[in-house]
Structures are given as structure tokens and as C-alpha cells.
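*Asks:* pasted the sequence and its predicted model underneath.
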Amino acid sequence: MSFIEVDKLRKVYRLGNEKVVALDSISLNIEKGEICCILGTSGSGKSTFLNMLAGLEKATKGSVRIAGKNITAMTEKQLAEFRQSNTGFIFQSYNLLPSMDAVENVAMPLMFKGVKPAERNRKAEKMLKAVGLSERMHHRPTQMSGGQQQRVGIARALISKPPVVFADEPTGNLDTKTTAEVMEIVVKMCRKHNLTLILVTHDNDIAKYADRIVHIVDGKIESDYPNVSIVPPEPKELTDTEKILKSLDNSDKEKENKDETE
Amino acid sequence: MRIIDIIGMSFKSLWRRKVRTLLTVLGVVIGSCAIVVMISLGLGMDNAMKYYLKQFGDLNVITVYGNVWMEGQSEPTKITQENIEIIKNMNNVTGLFPKMALNDQMISVCAGRGNRYRRMYGEVYGIYPEYLEKFGYKLKEGEIPENFNSNYVIFGEQTAYNFFDTKKKRNNTTYPHELPDGTMSEPFFNPMEEQIMLYVNNQNKYVEDYMWGHYESAGKSNEYKMTCVGILDAQNSGGNWEAFDGIFVSMDFANELFNSYNKVNKIKDAKEPEISELKIYVDNIDNVAKVQEQVEALGYYCDSMESARQSMQGQLASLEAMLGGLAAISLFVAAIGITNTMIMSIYERTREIGVMKVLGCKIKNIREMFLIEAACIGFTGGMAGVILSYIISFIFNKFGSSMLGLDYMYQLNDGTVLPISLIPFWLVLVALVFSTLVGVLSGFYPANRAVKISALEAIKNE
């Protein structure tokens, strides 16, 4: 049994009298810790697919099982609880709350869970350090660049270490250089915590970061193959990212050492 | 989600739209202030009415007349000791004040050394002295002793003026009047300091002696040495006119005088001494009607301020309902304002709400956030409204009555000006609870709308 099992998932929209088939009996299994890219052009149904994996939209037919639980059969209330403890979400337009600073935004999922402020802020600060924003802890979203905002978004999605992380065009609003930075961080962190990442994009360059690329065309899986060039092309002039990655590595080592001593 | 975090989120979103929040709160301020002020005016009127009626008599008191009969009766029902006992044991009756007037018995009063000051005829009343003050009689001088014995007497305010001075040929009478220097004239003697004598007379001989000017020996048969322990303050004795010129003795002593009179005048078939009036004190104004009904069932003619009070209160109630209704309209408009503001803010925050849903915020938490926002608007508005009401109330009370020409309504005989507007503490609490409730109710619809927003809103890209 796979971690995520999609069985003959079908979604039909009604536009007046016309039926539009957005997803046509898609079946797919994704393993734990896999970084899976759903690649497709606009209108291919890739976003609908993601929404249904995350339980944001009801399926017309078929089922989605995550960790053995059938999320297509869940009520709104059950879904909210399921999302709270099992999923993280990275948005294209970051969707940070403008009235909150970085720490508060990152701590938000923990707040929904009922974690006390001191503890959740401590964790949020740790996450922000991990994505290289230790200098921007108490900045508002409006005071940050797109790349910085998306890094806050990543920290927010990963703070409760959800087994599944969904990313919907996470770099759609970013320039090439920042895209690479952000992707590096996401992939690195998901691997570190063995999280399943489902990455939806139309950008072939981004797909290169995934273990597996599922190509969707007109609501059907056109191709599904493991990524051959698993090592992404080294981006040029990435001094910033290098620093972050280094610090990530270091903190990993530190943690391991710590674990050993403990 | 912890409640404190929900409140925090609500406050944040209110704070983010300061001006709009402020304007919405302002609506509630005006609405709740209007209601509080209107109710306070009503309470002020109520209060003024009570004082107004009190000038005519105590509102808690029922007066039973022993010599007035009701329609359908051929003669009045006498107030008997037996019935006094029955009334005494009724529920809610906390005091009784029978008044036995010795009107038909000639009792003369003398005072001073050698009975220098005389009064041919004194209005003697037998009473229960322990209830004197409860029934609205106030003492100007002296106090009522704990064990009021048969030798004690209480004078009315002007009782001492109606004596004449036997040592003088001219100017031997006096009366209460203002002297040229502005002070009140004094009676010939101070009853508190002089020995008071009561005489029960043989009526025929007395009248005859008096006519011939034989005051010294006029019909005196039995004499009683008395001590005056107090003088009543008639102006403030709740409209009890005996307080002016009465002479009050204990009920037992009045009975003794009555028997003595009958003996002296050789009246054999004397009936029980007549109790002209019985006053009943009821613990609470609201029970007056009930007790009065029971007493009337015994066959007595009763009188109380109850019927006057009820008709006045009825008029006031309809006036208050009208004022309150007008004020309620403004609060209703404020409530619509809250709903409107909240719906606007939901439109603006659609995406935000979607994001919260995607990030795992429970539906019930989202609803709570909006309800708390609405409740906050209501509560803050109510709070400010109460403060504003206090200010308005203060201004009304300070300047209102003379400005509006309402002095006749709110000014008492003794010059005290009653408040036009009264804000008791319960009104403050009611206003706060009510405005918060209005907020919550106005928030229900927007909150449900917010809950229905799809999580998909978060995914849409602009």
C-alpha cells in the first residue's frame, strides 16, 4: 500500500448544459518521502488534481487515500482536522496574512492546533532561521521581497512537519534566480524531514527538482517517469543560497551530534 | 485553537480597519446611548412620581376608615381589636397604626406652674407609638422612648400654640406666625420642659363653668400628670394632619381616658372606644393592591396611593415604551451597520479566510473569530455609550430641569431638585449585555457566510 493512493479520480464541471471533464479517471500512487512533480500546461487539470489531493474540492468519482484515510469521503469538519495534522501548503502568491509578521505567519498552523504562543513562536523562529530569514523575523509581508515571502510560506507549510506538502506553482511569481533559491530550500527541507512533496507546475525547469514527473494533459496522465537528472543544474551566483544550504547542513550535523549525545 | 488566540485574531482584523471599525462602533455608541438615556429619563420620571405621591402620603400605606362605608353597606364596619389582629397576621403587613380619636370626650389640657396655660379642648389620639416613625411622622424635637408608658405624651407641631395664658388679660392667645425679624413666633411655653396635665371632665359642668369664666374649677374630675417626650414635625409627616394639633398618647392610656370619661359622665352603655382610622404598612409597594383587597374583603373602606400610583405608572409606562422604542430603532440601525461592516470585511478577506482553511483552521474557529469581532464592536459601543450616557445624564441633571421648564415636575416643596435622568448600576449592566448581544446577533449572518467560503479561494491566482 502506497502512502498516497489515487484511484480512478474523476472530476466533471458543469458549465451551463455543457460538461467539462477536468480529470478523467486518474490513478496514481505516491510513496512516502517522494518528491513528485505534476507537470502540465494551463487548463490541463493539474491544479484540479492538486485541489482534490488536498481535499479542497469534491471528486465526482473515484477516491484519494492518504496514509490509509479516504479523504474523498470526509466531511468539511473532518477535512479541516485532517489538513491541520497531515498537510502543508505552499501557494503561488504566498498568501501571508498582511497583519502578521513573519514569525506569526509561520506559527499560524500551530496556533490553529492550539499550541501556546511561547512554544509556537520558538518553533517558528527556528523554521525562519532554517530558511535563512533570521534577519527578517519581525518584518511584515509588505516589507519583504517575493523570494523572502515565499520562504516564509515554506516555513509556514513545514512548521508542523506534515507528512504531505502541497506546492502550487510555488515559484510562479518569482524570477529565475529566486526560483532556484526557493526550490533548493523546499526540496532540501522535505528531504531532511522525509516529507512527501507534491509539486504542481507548468515549468519544466522546476520539474527537474523532483524525483518523479507526472505529466498531465487534458485531465489524463500522459506520462509518468522518474526524473533522470535528479541533481538539479547548479545555479550560478548563488552566494545567498549557498550560505543557507551550508547553514542547513551545519544545523543538521549539529542536530545529529546532539541526538547522538542524547 | 485557544480562545485567547481567536480573540487576538479578531482584534487584529478590527485594528487593521480602524476607521471603519470606529464608525461602526460609533453607530452602536449612539444606539446604546439613546436607549440608556431614554430609560434613565423614564426612571427619573418614575422617581419624581414617587416623590410627588409621597407628598400626599406614604405609598406603602393603606388607610382603613372606621367611619366611612362602602357602596351597598348601610353603616360602616367598625374597626375592632379583633379585626386588627386579623390584619396584623396578613402576609406582607409589617406595621399597624390604629388611631383612636377621643373626639367626643372632653379632655382639657393645662401646662406650666399652677396650670397657667390652658386649653379647653385637646385632640387626643391613642396610637402605637413604636410605629409612629414608620408611618411617616417625623419628630422635630425629642425622641420616642423605648418603653412608651402611660405618662408620656407627644405634641403636634402647633399644639402648644393653642393654649391661652390665664395670667394675662390681653394678648393671652398666640398662633404660629412670622415675626418682623423673620423668625417664627414661639408658643407661650416649651412643652418639653413644662409639666403637662390632662383632665377628664364632667361635660355639663365643664361647659357651664367655662361659660362663667370659672376656669380654675371647670368640671375637673380626673387629672393625669404627663411628660411630653416629643414634638412632631408636621410639614414632613407625610400629610398626616393630626401632626399639627394632635396630642398623642399610648393606646392603653387612651382606653383608660375613655373609661374614665364614661365613669365621670355616668355613661353606662358605652361601646368600645371608636378607632377612627387604621393605617397598614405593607412591606413592598407591589403588594399594596393585594393586601388592600384582603382588607376590603373584611368590609372596610380603604384608601391608598395605589390606584393613583397605578394610573400614573400606566401613563409613564406608555411614555417610556415610546421613548425606548425610538431609541431601539437607532440601535437596530447600528446592528444593521455591524452586519454591513462585517460582510464588507468578509469580502475583503475572502482569500485570507480560504488560506486559513487550507492551513487547517477549524470551521468553528472561523465562526468564533467573526462572532467575537461583532461582539467586540457591540461591547465597545455599549461601553462608550454608557460613558456618554453618564455625561448626558449629568448635563440633564445639572441644567435640564430649568432649561426645559420642568421645575414643577422635579422640584419638591422643600426645594430639593430630583434628578431628571437616573442611571442605576443595573442599567449599565443591561446596556453592556444588550449591546454585546446585538453585536453577536448582527455577526451571525456574516460569520456563517465566512464559514461557507471555499478553501479554494486561497488557490486562485490573481
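*Replies:* Okay, I see it.

*Asks:* which positions in the stretch 351-462 of chain B make contact with chain A?
*Replies:* B:351-352, B:355-363, B:365, B:454-456, B:458-459, B:461-462 (CB under 8 Å from any CB of the partner chain). Every residue, glycine included, has its C-beta placed from N, CA and C.

*Asks:* these in helices, which ones?
*Replies:* If you go by DSSP state H, these have B:351, B:352, B:355, B:356, B:357, B:358, B:363, B:365 in helices.

*Asks:* helices along the chain, start to end?
*Replies:* Answering for chain A, as no chain was given. So, for chain A - with DSSP H - the helices run A:46-53, A:76-86, A:102-113, A:117-130, A:146-158, A:176-192, A:204-207, A:239-261.

*Asks:* to clarify, I was referring to chain B.
*Replies:* Going by DSSP H, chain B shows helices at B:3-16, B:18-54, B:81-88, B:203-211, B:242-245, B:251-264, B:288-297, B:306-348, B:350-358, B:363-395, B:401-403, B:407-410, B:425-452.

*Asks:* would CSV of those with mean neighbour count, distance to residue B:157 and mean pLDDT be doable?
*Replies:* Formatted as CSV, the helices of chain B follow (neighbours: other CB atoms under 10 Å in any protein chain shown; distance: least, CB to CB, whole Å; pLDDT from 0 to 100):
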stretch, mean neighbour count, distance to residue B:157, mean pLDDT
helix B:3-16, 17, 65, 90
helix B:18-54, 20, 19, 90
helix B:81-88, 14, 28, 86
helix B:203-211, 16, 26, 78
helix B:242-245, 21, 6, 86
helix B:251-264, 18, 20, 88
helix B:288-297, 17, 28, 88
helix B:306-348, 16, 26, 88
helix B:350-358, 23, 78, 90
helix B:363-395, 21, 38, 94
helix B:401-403, 15, 30, 70
helix B:407-410, 14, 27, 74
helix B:425-452, 18, 39, 93
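
*Asks:* out of those helices, flag the one nearest residue A:39.
*Replies:* helix B:350-358 (22.2 Å; CB to CB).

*Asks:* and the contacts of the closest one?
*Replies:* For helix B:350-358, the external contacting residues (CB atoms under 8 Å, 6 or more residues apart in numbering or on different chains) are A:54, A:56, A:80, A:83, A:89, A:91, A:95, A:97, A:108, A:112, B:346, B:363, B:366, B:450, B:453-460.

*Asks:* can I get the buried part of the residues you listed as one ChimeraX selection?
*Replies:* Selection of buried members from these for ChimeraX, criterion 16 or more other CB atoms under 10 Å in any protein chain shown:
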select /A:54,56,80,83,89,91,95,97,108,112 /B:346,363,366,450,453,454,455,456,457,458,459
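
*Asks:* what's the closest of the ones in helices among the residues of the stretch 351-462 of chain B next to chain A to residue A:46?
*Replies:* Nearest to residue A:46 among those, counting by CB to CB, is residue B:358 at 17.3 Å.

*Asks:* contacting residues for residue A:64?
*Replies:* A:4, A:5, A:6, A:7, A:9, A:52, A:53, A:55, A:70, A:71, A:72.

*Asks:* can you give me the neighbour number for residue B:117?
*Replies:* Other residues within reach of residue B:117, judged by other CB atoms under 10 Å in any protein chain shown, total 24.

*Asks:* residue A:226 and chain B: what is the separation?
*Replies:* From residue A:226 across to chain B, the span is 28 Å (CB to the nearest CB, to the nearest Å).

*Asks:* give me the nearest residue to the residue in the stretch 201-350 of chain B positioned nearest to chain A, chain neighbours excluded.
*Replies:* Nearest to chain A, among the residues of the stretch 201-350 of chain B, is residue B:349, at 9.3 Å (CB to the nearest CB). In this structure, residue B:349 finds its nearest non-sequential neighbour in residue B:13, 7.1 Å apart by CB to CB, 6 or more residues apart in numbering or on different chains.

*Asks:* which residues touch that neighbour?
*Replies:* A:99, B:345, B:349, B:369, B:373.

*Asks:* now, which of these sits nearest residue B:80?
*Replies:* Looking across the contacts of residue B:13 and measuring by CB to CB, the closest to residue B:80 is residue B:373, at 70.9 Å.

*Asks:* with adjacent residues omitted, what lies nearest to residue B:412?
*Replies:* Excluding its sequence neighbours, the residue lying closest to residue B:412 (CB to CB, 6+ apart) is residue B:51, at 5.9 Å.

*Asks:* could you measure from the one you found over to residue B:190?
*Replies:* 33 Å (CB to CB, to the nearest Å).

*Asks:* same thing with residue B:136?
*Replies:* Counting by CB to CB - residue B:136 and residue B:190 are separated by 25 Å.

*Asks:* so these two - more neighbours on which side?
*Replies:* Neighbour count, other CB under 10 Å: between residue B:136 and residue B:190, residue B:136 has more, with 20 against 14.

*Asks:* wait, that one touches residue B:56, no?
*Replies:* No: look at residue B:136 against residue B:56 with CB atoms under 8 Å: they stay out of range, at 10.8 Å.

*Asks:* returning to what we had before: what's the closest of the helices of chain A to residue A:213?
*Replies:* Here helix A:204-207 is closest among the helices of chain A (CB to CB), at 4.9 Å.

*Asks:* starting at the chain centroid, how far to that closest one?
*Replies:* Distance of helix A:204-207 from its chain centroid, counting by CA atoms, centre = their mean, to the nearest Å, is 15 Å.

*Asks:* over to stretch A:212-228?
*Replies:* 18 Å.

*Asks:* can you tell me the distance between the two ends of that stretch?
*Replies:* Stretch A:212-228 has an end-to-end distance of 9 Å (CA to CA, to the nearest Å).

*Asks:* again with stretch B:418-428
*Replies:* 20 Å.

*Asks:* how close does the closest residue to chain A within the stretch 301-450 of chain B sit to residue A:40?
*Replies:* Nearest residue of the stretch 301-450 of chain B to chain A (CB to the nearest CB) works out as residue B:360 at 3.1 Å. Residue B:360 is 27 Å from residue A:40, where distance means CB to CB.

*Asks:* between those two, which one's more packed in?
*Replies:* Remark: of residue B:360 and residue A:40, residue B:360 carries more neighbours, 27 against 22, as counted by other CB under 10 Å.

*Asks:* quick check: residues of the stretch 151-262 of chain A near chain B?
*Replies:* So far as CB under 8 Å from any CB goes, the stretch 151-262 of chain A lies against chain B at A:156, A:168, A:169, A:172.

*Asks:* leaving out chain neighbours, which residue sits closest to the closest residue to chain B within the stretch 151-262 of chain A?
*Replies:* When distances are taken as CB to the nearest CB, the stretch 151-262 of chain A reaches nearest to chain B at residue A:168, 6.0 Å away. Distances taken as CB to CB, 6+ apart place residue A:200 nearest to residue A:168, at 5.1 Å, with adjacent residues excluded.

*Asks:* is the one you found in contact with residue A:172, as I believe?
*Replies:* No: contact criterion CB under 8 Å: residue A:200 and residue A:172 do not qualify, at 9.8 Å.

*Asks:* more neighbours: the two, which one.
*Replies:* For residue A:200 versus residue A:172, the count of surrounding residues by other CB under 10 Å is larger for residue A:200: 26 against 17.
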